[in-house]
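Trainee: Structure for this input, please:
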Amino acid sequence: MSLTIVKSCAVGGLAAALFIGTAAPSFAVDQALIEAAKKEGTVVWYSTLIVNQLVRPVAEAFQAKYPGITVKYSRTPAGEMALKLQNEIRANSVQADVFDANSAFFRAMPLENLVEYKPEAAAHYPDDLKDPKGRFTAVNVFTMATGINTNLVAEKDRPKSYEDLLDPKWKGKMAWTTDLTPNGPPGFIGNILVTMGEEKGMAYLEKLAKQDIAKVPASQRVVLDQVIAGQYAIGLMIFNNHTVISAAKGAPTTWLKIEPLISTGNYVGIIKNSPHPNAAKLFEEFILSKEGQTVFQKASYLPADPDVPADDPSLKPKQGGYKATTITNEMALEQLPRWTEIYKKLFP
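Mentor: Numbering: from 1, shown residues only. Reported below is the predicted structural model:
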């Protein structure tokens with residue numbers, strides 16, 4: 001996993017353009033923290049997010065705001081990142097300062113390895129988006145939805161409830177990823193059990209298992225691409241913003257508001273004994289601030305900040321006017337093993 005360095009001279013007008021019309025942050029970062037971060041001069045960010053779409057723009061925006069602090073970053077899947085960091089910790093040679101990752105990271109990373117720091121920028125975030133001790137805070141959220149091929153699913157036939165997915169006409173025509181995280185089948189199962197209750201939920205899942213849902217051993221994006229290509233009519237557990245991005249390019253796809261949808265988080269935190277602890281705190285404050293969250297918005301991600309809408313406001317539950325079950329990090333850590341066991345049993 002190699003590190004990429006963003007040079008300040010490469011910022012150009014991009015970062016500045018991102019902030020035109022952006023509201024000023026509602027808090028002032030402590031000047032002492034800024035000065036301490038500038039003395040360190042560098043922040044190292046391990047990320048799971050797409051480099052060209054988001055990581056690089058965030059790094060450029062941060063450097064534009066805080067000249068003299070260089071952002072080094074690398075991208076890797078959450079589970080692999082946790083293992084790499086644990087190796088660094090055991091070797092007493094921590095390289096990363098700050099990370100972002102989903103629940104797969106926290107299943108492998110003991111929370112005692114994370115710094116307890118409550119960023120002021122996230123003081124107004126809902127409690128279900130942050131750890132009470134400050135060890136992690138949601139930096140962006142995902143809305144998992146049902147995506148369809150609009151050429152294969154007529155408007156009159158579009159499922160409006162989870163029960164509609166049991167219609168015989170969809171047998172063998174649905175697909176989902178094999179990703180065993182809250183963003184995959186286990187998250188779907190958890191939502192059903194939370195929504196319907198244990199007995200009714202299990203009865204529903206047993207019926208759904210008879211629909212012969214195709215298991216695609218790839219990402220949610222690949223599942224949607226196969227739906228768009230016509231291999232399947234319906235994709236379950238699809239990132240709703242991906243359908244909007246594809247539809248804007250002319251693809252025959254949209255997402256359905258089958259309630260409740262599933263909302264999950266991607267979290268940012270700081271590693272203990274990192275080489276640049278002050279720069280890490282400053283970076284976390286920035287990425288969670290309205291300025292930083294606006295970069296997520298412009299990149300078509302869903303900002304975690306409840307006051308920053310998505311680029312398409314309908315993609316987030318509050319602005320979109322729909323209900324969603326929030327699978328918190330704590331819920332995932334506690335319940336994901338059972339949801340995964342149910343998935344493996346019913347959908348072998």
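Trainee: can you count the residues close to Thr294?
Mentor: Other residues near Thr294 number 20, with proximity taken as other CB atoms under 10 Å. C-beta coordinates here come from the backbone N, C-alpha and C atoms, glycine included.
Trainee: what about it, distance to Val71?
Mentor: Thr294 sits 17 Å away from Val71, going by CB to CB, to the nearest Å.
Trainee: Asn151 too?
Mentor: Counting by CB to CB, the separation of Asn151 from Val71 is 43 Å.
Trainee: More neighbours: these two, which one.
Mentor: Using other CB under 10 Å as the criterion, Asn151 and Val71 rank with Val71 on top: 27 against 12.
Trainee: Nearest residue to the more buried one in space, please, no chain neighbours.
Mentor: Leaving out its chain neighbours, the residue that sits closest to Val71 by CB to CB, 6 or more residues apart in numbering is Ala59, at 3.8 Å.
Trainee: Surely that neighbour is in contact with Arg75?
Mentor: No - using CB atoms under 8 Å as the test, Ala59 is too far from Arg75 to be in contact (11.7 Å).
Trainee: which residue is nearest the centroid of this protein?
Mentor: Geometric centre of the chain, nearest residue: Asn266, 3.8 Å, by CA atoms, centre = their mean.
Trainee: does Gly41 really touch Lys72, like I thought?
Mentor: No - here Gly41 does not reach Lys72: they are 10.8 Å apart, not a contact under CB under 8 Å.
Trainee: Looking at Ala59 and Arg75, which is more packed in?
Mentor: Between Ala59 and Arg75, Ala59 has the larger neighbour count (other CB under 10 Å), namely 28 against 17.
Trainee: before we move on, what SS does the more buried one have?
Mentor: Secondary structure of Ala59, reduced to three states by DSSP: H, G, I helix; E, B strand; the rest coil: helix.
Trainee: So for Gly41 and Lys72, which sits in the more crowded spot?
Mentor: The residue with more neighbours, out of Gly41 and Lys72, is Lys72; 19 against 11, by other CB under 10 Å.
Trainee: Partner strands of the strand or helix carrying that one and their direction?
Mentor: Secondary structure from DSSP states H and E places Lys72 in strand 70-75. Using DSSP bridges, strand 70-75 pairs in its sheet with strand 4-6 (antiparallel), strand 42-47 (parallel).
Trainee: Show which residues not belonging to that strand make contact with it.
Mentor: Strand 70-75 has contacts (CB atoms under 8 Å, 6 or more residues apart in numbering) with 1-8, 41-51, 55-56, 59, 62-63, 283.
Trainee: Report the buried members of those.
Mentor: Using 16 or more other CB atoms under 10 Å as the burial test, the contacts of strand 70-75 include 6, 8, 43-49, 55-56, 59, 62-63, 283 as buried.
Trainee: which among those residues gets closest to Thr254?
Mentor: Relative to Thr254, the closest of the buried ones among the contacts of strand 70-75 is Leu49; by CB to CB it sits at 24.4 Å.
Trainee: Tell me the pLDDT of the closest one.
Mentor: We have a pLDDT of 95 for Leu49.
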